[in-house]
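1. got a predicted structure plus its sequence, pasted below:
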Amino acid sequence: MKDPRPGDVLPPLEIPVTRTLIVAGALASRDYQDVHHDAELAKEKGSPDIFMNILTTNGLVGRYVTDHFGPAAVLRNVKIRLGAPNYPGDTMVLTGAVAEVEGATARIDVVGTNGIGKHVTGTVTVSLPEGADA
């Protein structure tokens with residue numbers, strides 16, 4: 001995207017929510033809570049299965065924006081709020097739109113949905129180098 005403008009829509013990104021993704025994301029972020037890797041203990045705590053942690057979601061939201069704007073884009077701020085859990089076997093679909101542009105900085109509104117509702121909502125502020133094609 002060249003010269004992003006408010007209202008520009010980013011293409012959706014479908015992310016299969018696999019058991020491996022959930023566990024790998026938890027381990028990579030050193031989140032050893034059993035609800036992110038042990039299905040039996042997650043069930044004992046009232047969850048139907050393991051579920052994705054916030055740090056994995058945060059990383060996927062950042063990836064969504066930088067994949068769109070290119071490798072020279074720099075994430076300046078990511079603010080997210082979780083909703084419906086991401087369980088194995090579902091698909092999260094990330095969508096976004098440019099909300100504001102000021103100079104070489106853009107604010108992107110992002111929503112991630114799954115089969116049971118909105119998993120994540122938030123905003124990402126990204127800096128783009130001048131003259132860079134995204």
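-> Yes, it's here.
2. burial measure for the nearest residue to residue 76 once chain neighbours are set aside, as a count.
-> Closest residue to residue 76 apart from its sequence neighbours, by CB to CB, 6 or more residues apart in numbering: residue 125 at 4.4 Å. Backbone N, C-alpha and C define where each C-beta goes, glycine included. Counted with other CB atoms under 10 Å, residues neighbouring residue 125 total 18.
3. gap between residue 125 and residue 110?
-> 11 Å (CB to CB, to the nearest Å).
4. how about residue 83?
-> 13 Å.
5. swap in residue 128?
-> For residue 128 relative to residue 110 (CB to CB), the value is 16 Å.
6. select the longest helix from the protein.
-> helix 54-69 (DSSP state H).
7. and that helix, what does it pack onto?
-> In terms of contacts (3 or more CB pairs under 8 Å, 6 or more residues apart in numbering; DSSP states H and E), helix 54-69 is packed against strand 9-17, helix 19-28, strand 74-82, strand 90-102, strand 105-114, strand 117-127.
8. neighbours around the closest residue in space to residue 115 that isn't next to it in sequence, how many?
-> Using CB to CB, 6+ apart and skipping the chain neighbours, the partner closest in space to residue 115 is residue 90 (4.9 Å). Here the count is done by other CB under 10 Å, and residue 90 has 21 residues near it.
9. now do the contacts for residue 90.
-> Residues near residue 90 by CB atoms under 8 Å, 6 or more residues apart in numbering: 17, 114-116.
10. dump the residues you listed to TSV, plus pLDDT, distance to residue 72 and neighbour count.
-> Compiled in TSV, these are given as follows (pLDDT from 0 to 100; distance: CB to CB, whole Å; neighbours: other CB atoms under 10 Å):
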residue	pLDDT	distance to residue 72	neighbour count
17	98	29	22
114	98	31	20
115	98	35	14
116	97	36	12
